[in-house]
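1. Based on what follows, work out the 3D shape:
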Amino acid sequence: MAKKKLVEPVLFEEALDVSLYKGGRELKLAADGFVSEPFRLAEGTSCHVDMHVRVASGAQALAFMVGGTKNLDLMNAVNFGDRRTVDPGRHYKLRIEVKPTNPPPDSGRPAGIPHTEYPSNAMRFVEWRDGKLIFYSAALVSQHGKFFLIVQEQYDPRCYDAAGVVRCPYFEGQSHQWPQLLAVLPEIFEHFGVTLPSYMGQAAETDYTFPKLATGTAGVEHWDAANGIGGLVTADGKKARVHWEQIEPLKGERRVYLATGMVVSYSELIAPMLTKERATKYKHEARGVRIIDVGAERAA
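-> Purely as a prediction, here's the structure:
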């Protein structure tokens, strides 16, 4: 089977053409997705950035939004006038608010820094290709006042037809349960008009495993660029989440990130620090995280 390197996913996917607009002007992007124009906000004010996405003509892809409780809302395509003729395909638009940080006084975090907030900073896409359901997120992420447009592939599971019922084993298992997605899968496949293979008890795709971790290290099980949060498994089997602010950036990189398959070290595990009223399945949070191995190759 083909091999792929376990590094940060590509910024742009061939099925999606993503651009950003502010005040009707298209923002310039660097190769790493960095937005070169700074955001300057007067005290107490905010601004908006419009994310325009064109799904390539012929690509079987739909856009949806995910709420804080993982509820899904399929998005409607929009009409950009002449762009439908110049750039044929399905067009979507998301307005993203950029506002200053306003942390609690005792948090130690600076106030007044322009930033975006999850989940309203991201548009999700699902594409049916090569017999798989491929999930992407397109997000405007912020780190210390810097902004980046990121398109990240997150999942690529297979789905099946079980006597008229859509089955997706990957999202049925305890580790990745997503009942809200399973509920809308019939609508998605009806739109795509595809015939799913029959379900014959096929197992879910396996996650990356880390059999030989040293003490004080952990493997990266997943990374959500839009949220800036990832999941780690330590040498003794503990599951821990990690926030981008606790990660030492790779040399020469403007943006802090992890990717599935990386191995990291950490200075300590603490109880999760919740900045919002949002539940977490993790009982540990890693601090002082440093990348020590960008990831080996594995079968795609």
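2. hey, let's count contacts and neighbours off CA atoms from now on
-> Fine.
3. any idea what sits nearest the most centrally placed residue in the chain, other than its immediate chain neighbours?
-> Note on the chain: the residue nearest the mean C-alpha position is Asp224, at 4.1 Å, using CA atoms, centre = their mean. Here the nearest residue to Asp224 in space, its sequence neighbours aside, is Gly230; by CA to CA, 6 or more residues apart in numbering that works out to 5.9 Å.
4. any idea how far that neighbour lies from Val256?
-> The span separating Gly230 from Val256 equals 12 Å under the rule CA to CA, to the nearest Å.
5. what does Phe171 give?
-> Relative to Val256, and taking CA to CA, Phe171 is found at 28 Å.
6. Would you state the helices of the stretch 151-300 of the chain in chain order?
-> 179-192 (DSSP state H, counting those that start in this stretch).
7. The stretch 1-150 of the chain too?
-> 83-86.
8. is it true that Tyr136 touches Val126?
-> Yes - between Tyr136 and Val126 there is a contact at 6.4 Å, judged by CA atoms under 8 Å.
9. related to what we said a few turns ago, can you get me a residue count around the residue nearest to Asp224?
-> Burial of Gly230 is recorded as 20 neighbouring residues (other CA atoms under 10 Å).
10. same thing with Thr69?
-> Quick note: Thr69 (other CA under 10 Å) scores 9 neighbours.
11. tell me the pLDDT at it?
-> We have a pLDDT of 80 for Thr69.
12. likewise Arg241?
-> Looking at Arg241, its pLDDT reads 96.
13. now the one 5 residues further on
-> The pLDDT attached to Gln246 in the predicted structure is 96.
14. where's stretch 176-183 relative to the chain centroid, distance-wise?
-> With CA atoms, centre = their mean, to the nearest Å as the basis, stretch 176-183 stands 17 Å off its chain's centre.
15. tell me the average confidence for that stretch?
-> For stretch 176-183, the per-residue pLDDT values average out at 93.
16. What residues sit buried inside that stretch?
-> Leu181, Leu182 (16 or more other CA atoms under 10 Å).
17. Next, the contact list for the residue lying closest to Asp156 once chain neighbours are set aside, please.
-> With sequence-adjacent residues excluded and distances taken as CA to CA, 6+ apart, Asp156 is closest to Ile134, at 4.3 Å. By CA atoms under 8 Å, 6 or more residues apart in numbering, the residues touching Ile134 are Val126, Glu127, Trp128, Glu153, Gln154, Tyr155, Asp156, Pro157.
18. hey, what's Val49 bridged with?
-> With beta bridges defined as DSSP bridges, Val49 has these partners: Ile96.
19. list the contacts for it?
-> Applying CA under 8 Å, 6+ apart, the residues contacting Val49 are Leu20, Tyr21, Lys22, Gly23, Arg95, Ile96, Glu97, Val98.
20. beta partners for the residue nearest to Met75 when sequence neighbours are not counted?
-> The spatial neighbour of Met75 that comes closest, neighbours along the chain excluded (CA to CA, 6+ apart), is Phe64 at 5.0 Å. As for beta bridges, Phe64 partners with Leu74, Arg124 under DSSP bridges.
21. can you check Leu269 too?
-> Ala286.
22. I figured it was touching Glu285, is that so?
-> Yes - counting by CA under 8 Å, Leu269 does reach Glu285; the two are 5.4 Å apart.
23. what sits in contact with each of the two?
-> Taking CA under 8 Å, 6+ apart as the criterion, Leu269 and Glu285 both touch Ala240.
24. Quick check: end-to-end length of stretch 98-110?
-> When the end residues of stretch 98-110 are compared by CA to CA, they are separated by 16 Å.
25. per-residue confidence for the residue nearest to Ala63 when sequence neighbours are not counted?
-> Distances taken as CA to CA, 6+ apart put Phe125 closest to Ala63, at 4.4 Å, once the chain neighbours are dropped. At Phe125, the predicted lDDT confidence score is 93.
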